[in-house]
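J.: Output the structure for:
(one chain, ligands or ions: 1)
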Amino acid sequence: MAGTADLLTARLQAAFDAMEPGADPVVRPSSRPGVDFQANGAMALAKRLGRPPAEIAAQVLASADLEGLCRQAEIAPQGFINFTVDETFLVARIQAQGADPRLGVRPAETALEVVVDYSHPNVAKEMHVGHLRTTVIGDAVCRLLGLVGHRVIRENHIGDWGTPFGMLIEHLVDLGEEEAAHELSVGDLDTFYRQARAQFDASAEFRERSRLRVVLLQSEDPETTRLWRILVDQSVAYFQEVYDKLGVLLTPDDIVGESFYNALLPVVVEELAGKGLLVDSDGARCVFPPGWANRDGTPLPLIVQKSDSGFGYAATDLAALRDRFGRLGADLVLYVVGAPQAQHLAMCFEVAHMAGWLPNRDQAVHVPFGNMLGADRKMFKTRSGASIKLVDLIDEAVSRATAAVSEKNPDLPAGERDEVARMVGVGALKYADLSTDRVRDYVFDWDRMLSFDGNTAPYLQYARVRCLSIFRRGEIDPEPYLKGTIPVGLDHPAERALALGLLEFPAAVEATLETWSPHKLCAYLFEVAGLFTTFFENCPVLKAPGPDARDSRLVLCALSAAVLGAGLQALGIETPERM
Ligand code: ARG
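T.: Numbering: from 1, shown residues only. Below is the predicted model:
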C-alpha cells in the first residue's frame, strides 16, 4: 500500500512531466485547517520556466486526475496547491490497512538474497559499545528486509584467526584449559586477553612459544586446533549470552568467522594472479585498484599476501565476497561496519569487482555508523578510561528501567515488572542507537533514553500500551476492530490526522530500507505516537458521543497499537502489553 502522499504525487506527476520531464510535484503534509497536503512543485518549476507559479499550478490542476482521491484542490496565491483528501477514500484505506496482517507493507517486487555482515566481535576479546551499534543496527536491517520478503542470510564474521591466537593459545595452556575455559565462559574476556598480552610483552620465552604456536595453528596441528576451538567455542557461547540478553536474531549458526575462509585464501590469490591483477610490491602481493591513492599521490595498494606469505584482513574479505556472491548466490551484501573501515571495504569491493566476483559494484554496500560518545562528547569510556563492556551496559539499562517502571506503575506484580523492565531497558538502549542517523556520532545519555517523554523507546512502548489499555478498561476485544468491517468516521481533525499518519506506515518502511536508515522509521513512529496522543486528548473513546463514534475511534486505537507494535518489532524492540 503506497502512502497517501505518494499516491497524490503519482497523480500529479504526469501533469508536471508534461511541462518538464521529471519535475518533482513536492507533495508535503499541510498543517492548514481543512488541508491535508500541499504541492509546492509549481513554484520551483515556475522559476525554472520563467512563468507565473499560479499559471503552472492551474495547468497542473487542469490536467491532473484527482478523481476519488481528493475532494478539493485549491491554488494559493503564492502558487502552491492545497489538497483535501476525500474522506471516503481515507476510510476505505484505513479499513484495508487494518484488515491487512502486513498493515499495508508491500512485499518487494523481487525477493532478493541478502547477506548481512554484522556484529562480528573478536574471539577472546570483550564486546564493547562499537559492537552494540553494529549488532543493533544490523538486527533492525535484517528484520526490515524480512518484513518486505527478502531472504536474509545473517553472517557473523567473527575475528577468530590471526597471529594473536599464538599468544592466546599459549596463555590458555599456561592457565590450564579448565580455568581458561571458565574465565572465557563467564565473560572475563578482557582479563584473559590482557594477561596474554602482558606475558607476551614481558617474556621472550612466551613470545617464542607464541610464534611457534601460530605456525602449528596454520599447519592444522590437531592438538593446537583443539586448543583454538576451546577459545572459539567459549567466546561464542559468551557472545550468544549477550545476544540473548539483547534479544537479537543472531544464533551460533550465523557464525561464519574469518577462519572459515582460510582454505579459500590461496584460491583468491591464484585467481587474482590469473587475471593479471597482482603486483609485487616490496615482496608483498597487492592489487592497485585505479583511483585509490595515498596522500602523496602514490597508488594505494590492497595487500592480499604479505611478504612473509601470510594473508591479511583484506584477503579474508575478498574471499568472503567471492563466497557470498559465488557459493551463496547473494544479490546484495550489506556490511554493517563502523565508518573507519570505509576505505578498506571500498577497496575490497572494487578489487572483487575487478576480479569478477562482485557482478555489479552496487551489490556490495557499506552501511557505516558513527561513534557512541560520552557526556563529555569524547569516546564513551568508564570513568577510569577503560572501554565499557557491553553486558554491563545492558544490565545497567535493565536495572535503571526497573526503577523507572516501578515508579511509573507501582502496582505491577514483581514478575511482570521485571519482564516489562527488561523490554523497556533493552528497548531504550537499542532505540537510542537506532533513532539517530546512524552515520552521526551520538551522545549516550541514560536519562534521555529512559525518559517516557520524547523520541524514546519507553515513550513509544507506553503510547502503544495506552491504545491497548482503552480496550482493557472497556473490556473490549480489539480483534474485531481490525477486520475492516466497522464503519469509520473522521470528523475531528485529530482523527483525520491520525488516519493520514497511520497510512504512511508502508512508505516509512520503504524509505527506511532505501538508505538502510532505521532512524527514519523511528521518526515516523514518534510522529504516530504524537498524533495518537493528540487524538486521545481530544476525542473521548469509551465516552464517545455515541456507539458509532466509539466504534470508529476504537478502530483507530486498534490500528495505532498495531502500527506502533509492528514498527517497534521491525526495529527489534519488544512491546509490553501493560506498563
Ligand atoms: N571483527 C572486526 C572488528 O571487530 C570487524 C569485522 C567487520 N566485517 C568484515 N567483513 N570485515 O573490528
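
J.: for the residue nearest to residue 237 when sequence neighbours are not counted, what are its contacts?
T.: The shortest distance from residue 237 to any residue other than its chain neighbours is 5.9 Å, reached at residue 185 (Cβ to Cβ, 6 or more residues apart in numbering). Just so you know, the C-beta spots here come from the backbone N, C-alpha and C atoms, and that holds for glycine as well. Contacts here follow Cβ atoms under 8 Å, 6 or more residues apart in numbering; on that basis residue 185 touches 234, 237, 238.

J.: I'd like the distance between the first one and residue 166.
T.: Distance, residue 234 to residue 166, by Cβ to Cβ, to the nearest Å: 18 Å.

J.: who's more crowded, the two?
T.: Summary of the neighbour comparison: residue 234 and residue 166, criterion other Cβ atoms under 10 Å, with residue 166 having more neighbours (26 against 23).

J.: from what I can see, that one looks like it's in a strand, true?
T.: No - under the criterion used here (DSSP: H, G, I helix; E, B strand; the rest coil), residue 166 is helix, not part of a strand.

J.: looking at this protein, which helix or strand is least sure?
T.: Sorting the helices and strands of the chain by mean pLDDT, DSSP states H and E puts helix 177-185 at the bottom, at a mean of 89.

J.: Name the next helix or strand downstream of that one, please.
T.: Moving toward the C-terminus from helix 177-185, the next helix or strand (DSSP states H and E) is helix 189-202.

J.: Now do whichever helix or strand comes after that next one and helix 189-202, the angle between them.
T.: Counting by DSSP H and E, the element after helix 189-202 in chain order, helix or strand, is helix 204-218. In this structure, helix 204-218 runs at an angle of 120 degrees to helix 189-202, with axes from the mean of the first three to the mean of the last three Cα atoms, to 10 degrees as the basis.

J.: can you count the residues close to the nearest residue to residue 23 once chain neighbours are set aside?
T.: Excluding its sequence neighbours, the residue lying closest to residue 23 (Cβ to Cβ, 6+ apart) is residue 16, at 4.2 Å. A count of nearby residues for residue 16, using other Cβ under 10 Å, gives 24.

J.: element containing residue 16, please.
T.: When secondary structure is defined by DSSP H and E, residue 16 falls within helix 4-19.

J.: Tell me the strands beside the helix or strand following that helix, with direction?
T.: Using DSSP H and E, the next helix or strand after helix 4-19 towards the C-terminus is strand 27-29. Strand 27-29 pairs in its sheet with strand 37-39 (antiparallel), by DSSP bridges.

J.: contacting residues around the strand it pairs with?
T.: Outside strand 37-39, the residues within contact range by Cβ under 8 Å, 6+ apart are 4-5, 8, 12, 25-30, 32, 60, 76, 80-83, 85.

J.: From the chain's centre, how far out is it? Work that out for me.
T.: 30 Å (Cα atoms, centre = their mean, to the nearest Å).

J.: Stretch 19-33 too?
T.: Using Cα atoms, centre = their mean, the mean C-alpha position of stretch 19-33 is found 29 Å from that of the whole chain.

J.: what ranges do the strands span in this protein?
T.: Taking DSSP state E as the criterion, the chain contains strands spanning 27-29, 37-39, 70-75, 81-85, 113-117, 151-155, 279-281, 284-287, 302-305, 332-335, 364-366, 372-373, 442-443.

J.: Can you list the strands that the third one pairs with?
T.: Okay, so that is strand 70-75. With DSSP bridges as the criterion, the sheet partners recorded for strand 70-75 are strand 81-85 (antiparallel).

J.: ok and the least confident helix or strand of the chain relative to helix 189-202, angle-wise?
T.: Between helix 177-185 and helix 189-202, the angle formed by their directions is 120 degrees, by the same axes, to 10 degrees.

J.: So that it lines up with my notes, have the first residue be 4 from now on.
T.: OK, 4 is where the count begins now, so the last one is helix 180-188.

J.: And for residue 398, nearest residue in space, chain neighbours not counted?
T.: residue 248 (8.0 Å).

J.: Verify the stated contact: the one you found with residue 432.
T.: No - using Cβ atoms under 8 Å, residue 248 makes no contact with residue 432, being 10.2 Å away.

J.: Looking at those two, which one has more neighbours?
T.: Taking residue 248 and residue 432 together and counting by other Cβ under 10 Å, residue 432 has the greater number of neighbours (27 against 16).

J.: surely the more buried one meets residue 449?
T.: No - Residue 432 lies out of contact with residue 449 (Cβ under 8 Å); the separation is 9.4 Å.

J.: Model confidence for the nearest residue to residue 347 once chain neighbours are set aside, exactly?
T.: Once flanking residues are discounted, residue 347 sits nearest to residue 317: 6.9 Å by Cβ to Cβ, 6+ apart. In this model, residue 317 is scored at 95, pLDDT.

J.: how about residue 317, what does it touch?
T.: Shown in contact with residue 317 (Cβ under 8 Å, 6+ apart): 305, 306, 307, 347, 350, 351.

J.: of all the residues you listed, which two lie farthest apart?
T.: When those are compared pair by pair using Cβ to Cβ, the farthest-apart members prove to be 307 and 347, with a separation of 12.8 Å.

J.: Between those two, tell me which one has more neighbours.
T.: Between residue 307 and residue 347, counted using other Cβ under 10 Å, residue 307 has the larger neighbour count: 24 against 16.

J.: Roughly how far does that one sit from the ligand?
T.: For residue 307, the distance to the ligand (Cβ to the nearest ligand atom, to the nearest Å) stands at 15 Å.

J.: What subset of the contacts of strand 40-42 is buried?
T.: With neighbours counted by 16 or more other Cβ atoms under 10 Å, these contain buried members at 7-8, 11, 15, 28-30, 33, 63, 79, 83-86, 88.

J.: Of the residues you listed, just say which sits nearest to the ligand.
T.: When the buried ones among the contacts of strand 40-42 are compared for distance to the ligand, the smallest value, 37.3 Å, is given by residue 8; criterion: Cβ to the nearest ligand atom.

J.: Now that closest one. Nearest residue, chain neighbours left out?
T.: Take residue 8 and drop its neighbours on the chain: the residue closest to it by Cβ to Cβ, 6+ apart is residue 30, 5.0 Å away.

J.: Please apply the same query to residue 275.
T.: By the measure of Cβ to Cβ, 6+ apart, the closest residue to residue 275 outside its immediate chain neighbours is residue 281, 5.0 Å from it.

J.: what about that neighbour, distance to residue 321?
T.: The spacing between residue 281 and residue 321, counted by Cβ to Cβ, is 12 Å.

J.: Looking at these two, which is more packed in?
T.: Applying other Cβ under 10 Å to residue 281 and residue 321 shows that residue 321 carries more neighbours, namely 29 against 19.

J.: check contacts around that one.
T.: Going by Cβ under 8 Å, 6+ apart, the list of residues near residue 321 reads 271, 275, 307, 351, 354, 355, 358, 360.

J.: Roughly how far does it sit from residue 137?
T.: The value you get for residue 321 to residue 137, if Cβ to Cβ is used, is 21 Å.

J.: And for residue 273?
T.: If you measure residue 273 against residue 137 using Cβ to Cβ, the figure is 32 Å.

J.: Compare the two and say which is more crowded by neighbours.
T.: Neighbours were counted for residue 273 and for residue 137 using other Cβ under 10 Å; residue 137 has more, 23 against 11.

J.: What residues does that one make contact with?
T.: If you count contacts by Cβ under 8 Å, 6+ apart, then residue 137 has 121, 122, 123, 339, 340, 341, 372 around it.

J.: If I look at residue 150, what pLDDT would I see?
T.: At residue 150 the predicted local confidence, pLDDT, stands at 97.

J.: Tell me who's in contact with the residue nearest to it when sequence neighbours are not counted.
T.: Sequence neighbours aside, residue 573 is the residue nearest to residue 150 in space, at 5.4 Å (criterion: Cβ to Cβ, 6+ apart). Residues counted as contacts of residue 573 (Cβ under 8 Å, 6+ apart) are 143, 146, 147, 150, 512, 524.

J.: same thing but at 6 Å, please
T.: Counting by Cβ atoms under 6 Å, 6 or more residues apart in numbering, residue 573 makes contact with 146, 147, 150.
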